[in-house]
Structures are given as C-alpha cells and as structure tokens.
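S.K.: whatever this is, show me its structure:
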Amino acid sequence: MSDPFELDLRLAADTILVGETSLSQVLLMNDARYLWLILVPRRSDVTEPFELSEADQVQLWRESMRLGEAMKAHFAAYKLNIAALGNQVAQLHVHHIARFHTDDAWPGPVWGVGSAVPYSEAARDALMNELRSLLQQPLGLTEPSH
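M.R.: A predicted model of the protein is given here:
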C-alpha cells in the first residue's frame with residue numbers, strides 16, 4: 001500500500017488551498033503580483049508526470065487545460081504560462097500563471113523577480129470566492145474539507 005499524500009512543506013508554506021479536483025489539489029500562490037495557481041496531483045512520491053498512471057496522466061492534462069482556459073478567459077490574460085519545473089520542489093506540481101503586459105516580470109519569467117507580496121486578507125478572501133465559483137464548472141472543484 002502506498003503512503004498517504006502529503007503536500008510538500010515548501011508548497012504548503014507558499015500557497016493557499018483553493019480546493020480539490022478528482023485528482024489534484026488546486027493551490028493559489030500567495031503572491032498578489034501574479035495570478036498564479038498550481039495543480040498538485042494527490043499521489044505520493046511522484047516527481048514526474050510519467051510516474052503517474054496513464055489514467056492520472058490524462059486526468060492531469062484535462063485539469064491543466066481546463067484550469068488554463070478558465071483563467072485566461074475569466075481574467076483576460078494576455079498569455080498563460082504553464083510549467084512543471086520541480087527544480088526547487090521535487091513533488092510533481094504544475095504552475096498556471098496568468099500573464100499581463102503590466103505584470104512585474106513581463107516579458108520574462110516570474111521566478112526570482114523581487115519578493116512575493118502576500119495577499120491582504122480581504123483581497124485573498126475575495127479572490128478565493130471568485131476562484132472557487134469559477135472553477136466549479138470546468139474542473140469540478142470542491143472546497144477543502146478542513
């Protein structure tokens with residue numbers, strides 16, 4: 001029997017749980033400079049997409065595409081960056097970052113640009129409500145149970 005899923009401590013420290021899909025946790029990066037969501041498949045000891053079962057690979061791709069499409073359309077992003085790097089956090093996770101010509105890092109990557117600006121409580125709560133409402137349809141998002 002495999003170990004239970006545990007979110008990497010660094011991801012847990014840097015993000016806010018938006019909800020869950022049938023496969024993944026959906027996390028909001030706690031950096032108000034960017035609209036940045038992360039999908040983390042709830043599978044233990046997985047660092048690469050090919051380590052998932054074929055069914056989970058298909059589901060992760062579906063979730064990623066639906067999340068990206070919903071983000072780009074709803075927030076009118078100029079571009080959406082989708083990446084699974086894993087250089088700092090080995091646990092498989094897929095970044096979805098809505099990009100705008102006006103964002104702090106445009107046109108370069110967001111990594112390593114300045115310091116994160118945490119959401120205010122009011123801004124975080126408003127965005128979480130918006131995201132949960134938005135993502136119920138394309139992803140079947142459910143709110144966290146804890």
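S.K.: quick check: which ranges of this structure have low pLDDT?
M.R.: Judged against pLDDT under 70, the low-scoring parts of the chain cover residues 1-2, 145-146.
S.K.: next up, phi/psi of the residue sitting nearest the centre point of it, please.
M.R.: Nearest to the centroid of the C-alpha atoms of the chain, with distances taken as CA atoms, centre = their mean, sits Ile38, at 1.3 Å. Reported as degrees, to the nearest 10, the phi and psi values for Ile38 are phi -130, psi 130.
S.K.: any idea how far it lies from Ala84?
M.R.: For Ile38, the distance to Ala84 (CB to CB, to the nearest Å) stands at 10 Å. Yep, even glycine has a C-beta here, placed from its N, CA and C like the rest.
S.K.: which neighbours do these two share?
M.R.: Residues touching both Ile38 and Ala84 by CB atoms under 8 Å, 6 or more residues apart in numbering: 93-95.
S.K.: dump these to a markdown table, plus distance to Gly68, secondary structure and neighbour count.
M.R.: Written out in a markdown table, the entries for the shared contacts of Ile38 and Ala84 read as follows (distance: CB to CB, whole Å; DSSP: H, G, I helix; E, B strand; the rest coil; neighbours: other CB atoms under 10 Å):
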| residue | distance to Gly68 | secondary structure | neighbour count |
| --- | --- | --- | --- |
| His93 | 15 | coil | 23 |
| Val94 | 9 | strand | 22 |
| His95 | 10 | strand | 19 |
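S.K.: so what secondary structure elements neighbour the longest helix seen in the chain?
M.R.: Looking only at the chain and at elements set by DSSP state H, the helix with the highest residue count is helix 54-75. In this structure, helix 54-75 makes packing contacts with strand 24-29, strand 35-41, strand 79-83, strand 94-99, helix 121-139, judged by 3 or more CB pairs under 8 Å, 6 or more residues apart in numbering; DSSP states H and E.
S.K.: understood, closing this out.
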